[in-house]
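*Asks:* build me a model from this:
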Amino acid sequence: MPAIANRPIRLAIVGVGNCASSLVQGLAYYAEKNDASGLMHFELGGYRPADIEIAAAWDIDARKVGRDVAEAIFAPPNCTQRFCDTVPPSGVQVEMGAVFDGVADHMDEAPEHRTFVTAEAEQPDRHMIVNRLREVGADVLINYLPVGSQVASEFYAGCALEAGVAFVNAIPVFIASEPEWAARFEAAGVPLIGDDIKAQMGATIVHRVLTDLFARRGVTLDRTYQLNTGGNTDFLNMANRTRLRSKKISKTEAVQAVAKSRLDEDNIHIGPSDYVPWQNDNKVCFLRMEGKLFGDVPMNLELRLSVEDSPNSAGVAIDMIRCARVALDRGIGGPVIAPSAWLCKHPPEQMSDDAAHAAMEAFLAERPAAQLREVRA
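*Replies:* Alright, predicted model coming up:
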């Protein structure tokens, strides 16, 4: 498919943490490659990873604000793997962002090398962010704020909406799946993709596939848990359990949605378990599923999954960004259903992974809406 436009996808980033580091590294890494190894799509809607360029970035850490994005992505407390040796300067400096609830109170108690240090600078208001998005010609704004940043996420979503910039919500705060926000983006004709990015080969997608397998093979699933540990600032932030409500809902519903029948709350537990500093950006998932086979004979499955957390989501983010731009090109406003279902844990419309994948491919092929409805059915 030929490129739809001869200009790049101008990307703005909120939160220059580990996920942003892997994304920016990935853009440089795949600019030197000519194949799809490690990607679901090398070319998507006429766009390749190299067509994405950084237009603006915001953070609230003094160690990042004022530095070129290519330098800031390697500044503490970022600790993800450095898989691209050469990330060229972006020419874009990280700007001071708006704080709101973007930092949990308990982060002040963490060791200095793991603590966000708020820059002593005036925080931008809505007009400043909106004007900046317009000045740099941003097409897409991706939300990489910490889990639990409800107020801050809504602030940036509102800025994207006013600026006419597509909003990609990679975190478990509900925007695309919240009817009021969905209606506002639809009325404005601005694309919205979310919520909560589904990693390439992460705990949730593996849990979903196995849950679906139980149902397809006639195995009754009685109870299950998914426990996760990690040492990045995301896990440190989530040590405050009050910030986990939306994340637990997102991860739990992603599994419940593909179960043959919903499990009682007491029989399903999914969520972060603990912060282990020495793990850094490595995430370890402990998964257990208990059920019954033919004749109600009991069985159980245990799985341990170890992945570098941020690179595991970066390829998916590249697809989300390109889908958002494709939606802009097509004049689509509001939640973009197929990419959200395939790429996110808590989309506006849950589907099985088979159906979501088919809907995604139909979306990319520009199949008629009637055919998309048939796929979803």
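*Asks:* tell me the pLDDT of residue 103.
*Replies:* Residue 103 carries a pLDDT value of 75.
*Asks:* check which helix or strand covers it.
*Replies:* Counting by DSSP states H and E, there is no helix or strand that carries residue 103.
*Asks:* how much space between it and residue 265?
*Replies:* Taking C-beta to C-beta, to the nearest Å as the measure, residue 103 falls 30 Å from residue 265. For every residue, glycine as well, the C-beta is placed using N, CA and C.
*Asks:* ok, residue 17 next?
*Replies:* 31 Å.
*Asks:* among the two, which residue is more densely surrounded?
*Replies:* Using other C-beta atoms under 10 Å, the more surrounded residue of residue 17 and residue 265 is residue 17, with 27 against 9.
*Asks:* now that one: phi and psi?
*Replies:* Per-residue torsions, residue 17: phi -100, psi -150 (degrees, to the nearest 10).
*Asks:* so who does it touch?
*Replies:* Applying C-beta atoms under 8 Å, 6 or more residues apart in numbering to residue 17 gives the contacts 59, 78, 144, 146, 232, 233, 234, 310.
*Asks:* ok, now residue 34?
*Replies:* Applying C-beta under 8 Å, 6+ apart, no residues contact residue 34.
*Asks:* where's it, which helix or strand?
*Replies:* Per DSSP H and E: residue 34 is located in neither a helix nor a strand.
*Asks:* offset the numbering so it begins at 342, please.
*Replies:* In the new count, where the first residue is 342, that last one comes out as residue 375.
*Asks:* please pick out the residue of this structure most distant from its centre.
*Replies:* residue 636 (41.4 Å; C-alpha atoms, centre = their mean).
*Asks:* now that residue: how far from residue 558?
*Replies:* To residue 558, residue 636 is 14 Å away according to C-beta to C-beta.
*Asks:* same check on residue 593?
*Replies:* 22 Å.
*Asks:* how about the contacts of residue 358 in CSV, adding pLDDT and secondary structure?
*Replies:* Listed next are these as CSV, based on pLDDT from 0 to 100; DSSP: H, G, I helix; E, B strand; the rest coil:
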residue, pLDDT, secondary structure
400, 95, strand
419, 95, coil
485, 98, coil
487, 92, coil
573, 93, coil
574, 87, helix
575, 87, helix
651, 97, coil
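*Asks:* after the host helix or strand of residue 589 comes which helix or strand?
*Replies:* Using DSSP H and E, residue 589 sits in helix 586-597. Once the chain leaves helix 586-597, the next helix or strand it forms, by DSSP H and E, is strand 609-616.
*Asks:* list the buried ones in that following strand?
*Replies:* For strand 609-616, burial by neighbour count (16 or more other C-beta atoms under 10 Å) applies to 609, 610, 611, 612, 613, 614, 616.
*Asks:* output the contacting helices and strands for that strand.
*Replies:* For strand 609-616, the contact count by 3 or more C-beta pairs under 8 Å, 6 or more residues apart in numbering; DSSP states H and E identifies strand 561-571, helix 574-578, helix 586-597 as packing neighbours.
*Asks:* make it 10 Å
*Replies:* helix 544-557, strand 561-571, helix 574-578, helix 586-597, strand 623-633 (3 or more C-beta pairs under 10 Å, 6 or more residues apart in numbering; DSSP states H and E).
*Asks:* list the buried residues in the first one.
*Replies:* So the one you mean is helix 544-557. 544, 545, 546, 547, 548, 549, 551, 552, 553, 555, 556.
*Asks:* I'd like these as TSV, with distance to residue 702 and pLDDT appended.
*Replies:* Formatted as TSV, these follow (distance: C-beta to C-beta, whole Å; pLDDT from 0 to 100):
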residue	distance to residue 702	pLDDT
544	25	96
545	21	95
546	17	96
547	22	97
548	23	98
549	18	97
551	23	98
552	23	98
553	18	97
555	26	98
556	23	97
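*Asks:* just the helices in this structure please.
*Replies:* Remark: helices assigned in the chain by DSSP state H are 359-372, 410-413, 467-476, 491-504, 520-529, 544-557, 574-578, 586-597, 652-671, 678-684, 694-705, 710-717.
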